[in-house]
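>>> structure for the following, please:
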Amino acid sequence: MDVKLPPHDGTVLSVIDMHTGGEPLRVVWKGIPEVKGDTLLAKRRYVQENLDHLRKMLMFEPRGHFDMYGALIVQSELRDADLGVLFMHNEGYSTMCGHAVIGLGRFAVDYGLVEATMSPETQVNIHCPCGLVKAFVEYSDGKTGAVRFHSVPAFAFATDVAVSVPGYGVVTLDISYGGAFYALVNAQTFGLDVSKSRTRDLVEAATAVSSVVKSQVKLYHPISSDLAFLYGTILTDGKDQFTEEPTANICVFADSQVDRSPTGSGVTARIALQYHKGLIQLDQKRSFLSGATGSIFTGKAVQETKCGNFPAVVVEVAGRAYYTGVASFVQESGDSLTNGFLLK
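Predicted structure coming up:
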């Protein structure tokens with residue numbers, strides 16, 4: 001039988017659910033009120049200040065969960081952009097998300113936001129808060145496949161930074177930008193293994209690092225102060241020298257949220273850092289393994305560039321996204337939990 005919406009007297013939000021490397025992506029494309037602002041960053045601020053209840057409705061329980069991730073499609077002011085996007089999670093709004101870009105690239109072609117071209121690829125220009133990201137979607141015989149994207153300029157912000165982390169002592173780490181800022185540190189520093197240790201232990205270590213870096217290190221981005229914040233900490237297996245073997249990592253971002261994928265913007269940041277240190281060369285492709293699910297992204301530096309005074313690179317990241325469902329979410333009056341809640 002046909003499934004119809006039940007009687008309701010509130011907002012109806014239509015979404016497409018996907019995952020990339022195990023990391024969820026809830027694409028919000030119908031039902032959101034007008035998002036005001038002349039620029040994408042202004043739209044991001046408007047949503048933060050005026051529509052944050054809808055983020056909580058979609059990301060939090062009972063419709064979502066602690067580690068849900070979302071992408072709100074909006075109009076872009078850039079002539080070259082096919083669509084604009086605002087990223088959302090359990091804490092707020094990110095500036096870049098690689099796993100979401102991979103999913104959105106496929107979504108844009110499949111749902112007609114961008115007209116599919118002949119094989120082998122269709123280009124989709126996605127305006128993220130960090131800037132314009134170019135995605136390239138495999139397209140053949142009417143079907144979409146893997147997606148690769150070219151990042152905004154990525155750069156090493158600071159290397160060999162020593163911070164005192166309560167419970168762990170002095171920790172030496174790097175800070176790199178891949179559309180968002182990350183602290184990067186070898187998990188062995190904490191006696192941990194990103195693929196074998198308990199997730200709880202990895203989260204505790206990464207969260208402690210993020211807290212200290214946020215309080216002790218002042219970040220700066222040449223384009224906008226809206227981009228100058230630490231998004232999270234990436235614990236790695238320490239295998240930064242170029243090799244054909246995959247290197248594993250796990251990313252803990254926002255409010256102790258765990259990325260199930262290898263983290264697209266995190267791979268971008270790691271590649272930029274490895275290139276800065278002379279550990280890889282242009283067009284040397286590396287494989288990055290998620291310590292959480294074992295899924296793999298590939299990444300490589302494809303072009304030298306600048307970001308302000310920072311030597312930077314454009315990084316190509318590739319992966320594959322899959323659909324998991326279609327839904328329309330409603331709110332009913334009298335539901336005291338309609339705006340969502342979280343359990344840790």
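>>> pretty sure residue 317 sits against residue 147.
No. With contact defined as C-beta atoms under 8 Å, residue 317 does not count as touching residue 147 (9.2 Å). From N, CA and C alone the C-beta is placed, and that goes for glycine too.
>>> mutual contacts of these two, please.
Common neighbours of residue 317 and residue 147, using C-beta atoms under 8 Å, 6 or more residues apart in numbering, are residue 102.
>>> for residue 204, grab the count of nearby residues.
Neighbourhood size, residue 204 [other C-beta atoms under 10 Å]: 17.
>>> host element of it?
In this assignment (DSSP states H and E), residue 204 forms part of helix 199-216.
>>> and that helix, what other elements does it pack with?
With contacts taken as 3 or more C-beta pairs under 8 Å, 6 or more residues apart in numbering; DSSP states H and E, helix 199-216 sits against strand 155-165, strand 169-177, strand 181-186, strand 230-236, strand 247-253, strand 257-258.
>>> now the second one, how far from the chain's geometric center?
Averaging C-alpha positions (C-alpha atoms, centre = their mean, to the nearest Å) puts strand 169-177 20 Å from its chain's average.
>>> next one: the last one
Centroid displacement of strand 257-258 relative to its chain, using C-alpha atoms, centre = their mean, is 11 Å.
>>> run the angle between the helix or strand following it and strand 230-236 for me.
The element immediately downstream of strand 257-258 (helix or strand, assigned by DSSP H and E) is helix 264-276. Relative orientation of helix 264-276 with respect to strand 230-236: 70 degrees, computed using axes from the mean of the first three to the mean of the last three C-alpha atoms, to 10 degrees.
>>> helices of the stretch 51-200 of the chain, start to end?
Shown for the stretch 51-200 of the chain, the helices assigned by DSSP state H, counting those that start in this stretch span residues 52-59, 98-110, 199-216.
>>> quick one: low-confidence ranges for the protein?
Counting by pLDDT under 70, the chain contains low-confidence residues at 1-3, 8.
>>> let me have the helices of the stretch 51-200 of the chain in TSV, extended by distance to residue 242.
Written out in TSV, the entries for the helices of the stretch 51-200 of the chain read as follows (distance: least, C-beta to C-beta, whole Å):
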stretch	distance to residue 242
helix 52-59	37
helix 98-110	20
helix 199-216	25
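>>> and the ones you listed, which is most packed in?
By mean neighbour count, with neighbours taken as mean count of other C-beta atoms under 10 Å, helix 98-110 ranks first of these at a mean of 28.
>>> the inter-axis angle of that one versus helix 264-276?
Relative orientation of helix 98-110 versus helix 264-276 (the same axes, to 10 degrees): 120 degrees.
>>> CA atoms only: put helix 98-110 into PDB for me.
Taking C-alpha atoms only, helix 98-110 is exported to PDB below (Å, rounded to 0.1, in the frame of the first residue of the first chain):
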ATOM      1  CA  GLY A  98      34.800  15.300   2.400                       C
ATOM      2  CA  HIS A  99      32.500  12.300   3.000                       C
ATOM      3  CA  ALA A 100      29.600  14.600   2.500                       C
ATOM      4  CA  VAL A 101      31.000  16.100  -0.700                       C
ATOM      5  CA  ILE A 102      31.500  12.500  -2.100                       C
ATOM      6  CA  GLY A 103      27.800  11.800  -1.200                       C
ATOM      7  CA  LEU A 104      26.500  15.100  -2.500                       C
ATOM      8  CA  GLY A 105      28.400  14.600  -5.800                       C
ATOM      9  CA  ARG A 106      26.500  11.400  -6.500                       C
ATOM     10  CA  PHE A 107      23.200  12.800  -5.200                       C
ATOM     11  CA  ALA A 108      23.500  15.900  -7.400                       C
ATOM     12  CA  VAL A 109      23.800  13.800 -10.500                       C
ATOM     13  CA  ASP A 110      21.200  11.200  -9.600                       C
END
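>>> burial of the closest residue to residue 272 other than its chain neighbours, as a residue count?
The shortest distance from residue 272 to any non-neighbouring residue, by C-beta to C-beta, 6 or more residues apart in numbering, is to residue 154 (3.7 Å). Counted with other C-beta under 10 Å, residues neighbouring residue 154 total 29.
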